[in-house]
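> no sequence on this one, just coordinates:
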């Protein structure tokens, strides 16, 4: 056993790399996971309610025809989400038909539809074949005043009527407030307690305007956890970019169900994105998340939805952003080549993706260059590699060097050193050799922009 | 005075709208802000260290020439960031020259450069004319093992030497650990206490791998706040999408300085984005943030950087995402038209932007359509508007309706009702009228995709 943190030579006594042994131990130890069990936390015991086909339809660009809805529902089911939530059948005739069609697909995921807290909507919803109905009504003074104009007595009375009706049909029912974080706490707890007593399956908290922060979310969910016995769902808008963190924190406080949509699409800037939520839950417990979801499908699902709503995958998307696994600065590249866990908490291979180390730039370091020298099977000493690295930095100060540029520098440097044409530190001499080589050679074709794929 | 939450008629006694009076009171009351003062929190008392020209240079796509660096530095200064952090002058000769050039611009923002904890780098940095030097070294067992291979005694000794040297030159110095959330807590607190005692200006915590969650951030910053007297800076990577929330929570726990980059560009998926941080701090205290920063410049700065690194502004970007202020679902649209605070915590006009309500889709509602009817100065009763809305939903079930489509439906409906050709609910008759109109008319040109700008 190698104690964690002790410095050891690269090669262990049994021919195994000591670095590798230690890296495995450190990964198993998962040093960023909580050290002691937190019995309130559901970070390793949660369900996803995927709402691309409900909240996602409220995204400005979204218009899903029946075929697209079915393709998305099937992909989400294959990924392994626990629930799929659909637009209210009361919204339009086609919405109702699509809801029925998806219920008939025989998916493993439970199918929900999302309705206003109103008997008219409930009567239509229960006839569609859904496994459950998600009921919502605005409880904040803002929404009571400027949206539906109803008081808490009316809301409570209607909620009881709708919940009792849906339950009488033998299907799941959830009751959620809207704009919960701007609602009166006593009002909220009172209505949640009432619906819990009449046997609602879940209560929902919604940050409809995206105003909540993680500590508020923790406080409200934890308080509610002490008031109701049923499951707790949370729906979080992303107006200030905190929806992923708020979802994670809600699970820590005892929430059981998280609403997501693919790429977070929804009203305004949307809600907790499926991929981002998976990223932070994977970081907390990789084994649980890998066992529960088909992670390599994530990119395909994001592409499907991005194409349907005509948006690009954001460049900084967790996991699938196009440089999420690209390492650039010299000290990062060096450490990554030694042990990927140094700068990575997500393993790209678990998502069917590849790691890259970028070396053709002025922030590069000689250890990263050394790795390329070894891939090219060139025979250079460390001092020579450092010298060549200085040259790459000089060239990259003028413009970014592609991988072909870097390879050319290394090959020219290598042959000049072997032939004795070049001495260490002769920058001027090397410039002449490089120019002569470029004048006489033909292009060998560009291999990606200065990055090199690196095995795990 | 109108008590908050009480339902009142639309028009108040003095001719002012009771809704308006109440909305103003509710905004002033800022119901999503903490009710009691939290003396630990710096949410309304913080400084931004803008690192687009340091961390941002580590983004895979980034290559900033001198001209671009100067343009970005000037824009950030005009926006009002407190500090601008630059790539180490030890990285390359051009990096050193650029650092000197930016120091000579005479900006209001303080200029920092970011170096490894090494005397070689420090000697170069202090000669560039910077106002301060940010020193960093890896303290986690991962980095100590696989990156620089140094132990805590060596790290402490070097830190003292570098800090003392930089201070002797009369400029600011910050000492930061790297990968702080996977470092031994006792090691961390010990070195921070040591450097605090010798007069470091700031200590930095860095979530280098993006593994931290908000409650961990709160705990570590709050613990550190009790150990050191100097300022506390935090640098947060965004691999799991929690960097904005983590930054906000760090301020709540007593951090004083937050690292950002424009659009969050940096290693892998980057760090806390400037725009996202501004969004959540604005939501917490709009007046403070409006007074401190030139908010309408945000879009321009994001465009400048997006162009320089050849990325698109993510569609779900807080504030500047292209539908961040577009409202779609019928109940949202209705309430927004009544009072924007119902579904908005950020006022678009404070950022020089415009609110849109989208109405040409199957989730639309008659209140949203009514607003368009009024803009077109058509004379329809509520029942007629509801009837026309049903028609719009039917058409939108087939394909999204542009604003021209919606306007055509409303105009044809209006003239048919006026002329007595159409009765309420005669869907078939209306289809014929609409077809006849389309066959006989020429296109009037498309006005944006079914959305209508709405005044504050």
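Everything's here; your move. Everything numeric in this text was worked out from a predicted model, so none of it was measured.
> In the stretch 151-300 of chain A, what residue lies closest to chain B?
residue A:245 (3.1 Å; Cβ to the nearest Cβ). All C-beta atoms are positioned from the backbone trio N, CA, C, and that covers glycine.
> which element is that residue on?
Using DSSP states H and E, the secondary-structure element containing residue A:245 is helix A:243-252.
> picking that back up, pretty sure the residue of the stretch 151-300 of chain A closest to chain B sits against residue B:212.
No: Residue A:245 is beyond contact range of residue B:212, at 9.9 Å (criterion: Cβ atoms under 8 Å).
> so what sits against both of the two?
Common neighbours of residue A:245 and residue B:212 (criterion: Cβ atoms under 8 Å, 6 or more residues apart in numbering or on different chains): B:242, B:246.
> picking up where we left off before, residues near the nearest residue to the residue of the stretch 151-300 of chain A closest to chain B once chain neighbours are set aside, how many?
Residue nearest to residue A:245 in three dimensions, not counting chain neighbours: residue B:245, with 3.1 Å by Cβ to Cβ, 6 or more residues apart in numbering or on different chains. Residue B:245 has 30 neighbours, counted by other Cβ atoms under 10 Å in any protein chain shown.
> Residue B:245 and residue A:214 touch, don't they?
Yes: counting by Cβ under 8 Å, residue A:214 is a contact partner of residue B:245 at 5.2 Å.
> For chain A, give me the ranges with low pLDDT.
Under the criterion pLDDT under 70, the flagged ranges of chain A are A:1-35, A:441-456.
> How is it partitioned into domains?
A:17-308, A:326-444 (automatic domain parsing).
> in the stretch 51-200 of chain A, which spans are strands?
Using DSSP state E, counting those that start in this stretch, the strands found in the stretch 51-200 of chain A span residues A:83-86, A:110-116, A:132-138, A:172-178.
> Go ahead and name everything in contact with the first one.
Just to be clear, that refers to strand A:83-86. In contact with strand A:83-86 (Cβ under 8 Å, 6+ apart) are residues A:47-51, A:53-55, A:69, A:73, A:76-77, A:95, A:98-99, A:102, A:107, A:109-114, A:130, A:132, A:134, A:257, A:259.
> isn't residue A:316 right next to residue B:240, touching?
No: between residue A:316 and residue B:240 there is no contact under Cβ under 8 Å: 12.0 Å.
> Tell me where the stretch 301-450 of chain A has helices.
Using DSSP state H, counting those that start in this stretch, the helices of the stretch 301-450 of chain A run over residues A:330-338, A:366-375, A:382-398, A:403-418, A:427-440.
> highest average neighbour count across these?
helix A:330-338 (a mean of 23; mean count of other Cβ atoms under 10 Å in any protein chain shown).
> That one vs chain B: in contact?
Yes: against chain B, helix A:330-338 shows contacts by Cβ under 8 Å from any Cβ of the partner chain at A:331, A:332, A:334, A:335, A:338.
> what angle sits between that helix and strand B:132-138?
Going by axes from the mean of the first three to the mean of the last three Cα atoms, to 10 degrees, helix A:330-338 is angled at 10 degrees with respect to strand B:132-138.
> how distant is helix A:330-338 from the center of its chain?
Counting by Cα atoms, centre = their mean, to the nearest Å, helix A:330-338 is centred 24 Å from the centre of its parent chain.
> so what does that helix touch, helix or strand wise?
Other helices and strands packing on helix A:330-338, by 3 or more Cβ pairs under 8 Å, 6 or more residues apart in numbering or on different chains; DSSP states H and E, are strand A:355-358, helix A:366-375, helix B:141-146.
> What are the phi and psi values at residue A:261?
With angles defined as degrees, to the nearest 10, residue A:261 sits at phi -140, psi 160.
> Now for it, how many residues are close by?
Using other Cβ under 10 Å as the criterion, residue A:261 is surrounded by 27 other residues.
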